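Q: my questions concern the predicted model and sequence given below.
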Amino acid sequence: MAMGPRDLENNTIEIARRDTLQKEIISQEGIENYIDALLKDIQSNIYQKALKFREENTFKVDTYEEFKDIVENKGGFVLAHWDGTAETEQKIKEETKATIRVIPLNAPNEEGKCIYSGKPSNRRVIFAKAY
């Protein structure tokens, strides 16, 4: 928000949004309601952008070769089976610099094989590099 001498004369305020880079001049009357609605809209807009980014940058893999290709060439988040051992996670980190970022609590049970060790796994975890 910006308010200069001319705005005071005209009872207006300039609003500039950082999320859309739009600017507008509005009346000071009813500003509380306008700002409340604006903040909700900005929050929703930022959330939707982040959700879209996450969805476009999450990849499901079943082999270590696919895993390495994505981690080294695309980046983002990789959903992969893991055998649950710290040793396997450490080896993957040493070879690719990727680590487990989260073990999703709501991940469905899905029988598979660890991409690194080939041992049984019952769900996927999310790997990524830290930047």
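A: Sure thing, it's come through. Residues are numbered from 1 along each chain as shown.

Q: now the helices for this structure?
A: With helices called from DSSP state H, the chain shows them at 5-10, 31-56, 64-73, 86-96.

Q: reformat those as TSV; add mean pLDDT, mean neighbour count and distance to Lys119.
A: For glycine as for every other residue, the C-beta is placed from the backbone atoms N, C-alpha and C. Formatted as TSV, the helices of the chain follow (pLDDT from 0 to 100; neighbours: other C-beta atoms under 10 Å; distance: least, C-beta to C-beta, whole Å):
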stretch	mean pLDDT	mean neighbour count	distance to Lys119
helix 5-10	86	10	66
helix 31-56	95	11	28
helix 64-73	97	16	13
helix 86-96	97	14	8
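
Q: I'd like to know which of these is closest to Asp19.
A: Asp19 lies closest to helix 31-56 among the helices of the chain, at 5.2 Å (C-beta to C-beta).

Q: so how far is the closest one off the chain centroid?
A: Helix 31-56 sits 14 Å away from the centroid of its parent chain (C-alpha atoms, centre = their mean, to the nearest Å).

Q: got the contact list for Thr58?
A: Thr58 is in contact with Gly76, Phe77, Val78, Leu79, Ile126, counting by C-beta atoms under 8 Å, 6 or more residues apart in numbering.

Q: repeat that for Ser121.
A: Going by C-beta under 8 Å, 6+ apart, Ser121 touches His81, Trp82, Asp83, Gly84, Glu111, Gly112, Lys113, Cys114.

Q: how close does the closest residue in space to it that isn't next to it in sequence get to Arg18?
A: Closest residue in space to Ser121, ignoring its immediate chain neighbours: His81 at 3.7 Å, by C-beta to C-beta, 6 or more residues apart in numbering. To Arg18, His81 is 40 Å away according to C-beta to C-beta, to the nearest Å.

Q: more crowded one of those two?
A: Between His81 and Arg18, counting by other C-beta atoms under 10 Å, His81 is the more crowded of the two (24 against 8).
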